[in-house]
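Novice: following is a predicted model, sequence given first.
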Amino acid sequence: MSAEYFEYRHTVGFEETNLVGNVYYVNYLRWQGRCRELFLKERAPAVLADLRDDLKLFTLRVDCEFYAEITAFDELSVRMRLLEQARTQIEFSFDYVRLDQAGAETLVARGRQRIACMRGPNTATVPAVLPEALSRALEPYRAADTDRRSAA
């Protein structure tokens, strides 16, 4: 595990591909969510208790740009970095890297995800400051050019 990014390793399955064997677009977005969930479980477990209370992490925006195709049984490294941290929002980047048997790595896609912290019941949710435990856990994964503003 690198200090530069949080890594989620994944083996592509048949159910994630279409009839010609290419991975469905939606799976790249699912892998972003899975990477984020595992990050919380492994690096910020205190935030999980907060999520069981009234903290909500809303995905505001998500995207993915493709550079190469992947197919069933390809080994992937999904690498999450913190791009921006504001008072109530965070933005991540995700590099999708195909790993081969010889140790070569190929960047096959790159994505982004913007998250807002909210609190309160579903009918009266309001923006909330990022939990300190989450800020601390994200620090090692901050991209070199991350903008750390106190607004938003």
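Specialist: Sure, I can see it.
Novice: quick one: average confidence on the longest helix seen in the chain?
Specialist: The single longest helix within the chain, with elements called by DSSP state H, is helix 25-43. Mean pLDDT, computed over helix 25-43, is 96.
Novice: the next helix or strand after that helix packs against which elements?
Specialist: Downstream of helix 25-43, the next assigned helix or strand under DSSP states H and E is helix 45-52. On a contact count with 3 or more Cβ pairs under 8 Å, 6 or more residues apart in numbering; DSSP states H and E, helix 45-52 meets helix 25-43, helix 132-138. Yep, even glycine has a C-beta here, placed from its N, CA and C like the rest.
Novice: at 10 Å instead, please
Specialist: If you count contacts as 3 or more Cβ pairs under 10 Å, 6 or more residues apart in numbering; DSSP states H and E, helix 45-52 packs onto helix 25-43, strand 55-66, strand 105-119, helix 132-138.
Novice: CA atoms of it as PDB?
Specialist: Extracted in PDB, the C-alpha atoms of helix 45-52 (Å, rounded to 0.1, in the frame of the first residue of the first chain):
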ATOM      1  CA  PRO A  45     -13.500   3.500  11.300                       C
ATOM      2  CA  ALA A  46     -14.700   6.200  13.700                       C
ATOM      3  CA  VAL A  47     -16.500   7.800  10.700                       C
ATOM      4  CA  LEU A  48     -18.500   4.600  10.300                       C
ATOM      5  CA  ALA A  49     -20.100   5.200  13.700                       C
ATOM      6  CA  ASP A  50     -20.900   8.700  12.700                       C
ATOM      7  CA  LEU A  51     -22.600   7.400   9.500                       C
ATOM      8  CA  ARG A  52     -24.800   5.200  11.700                       C
END
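Novice: thanks again, I'm all set now.
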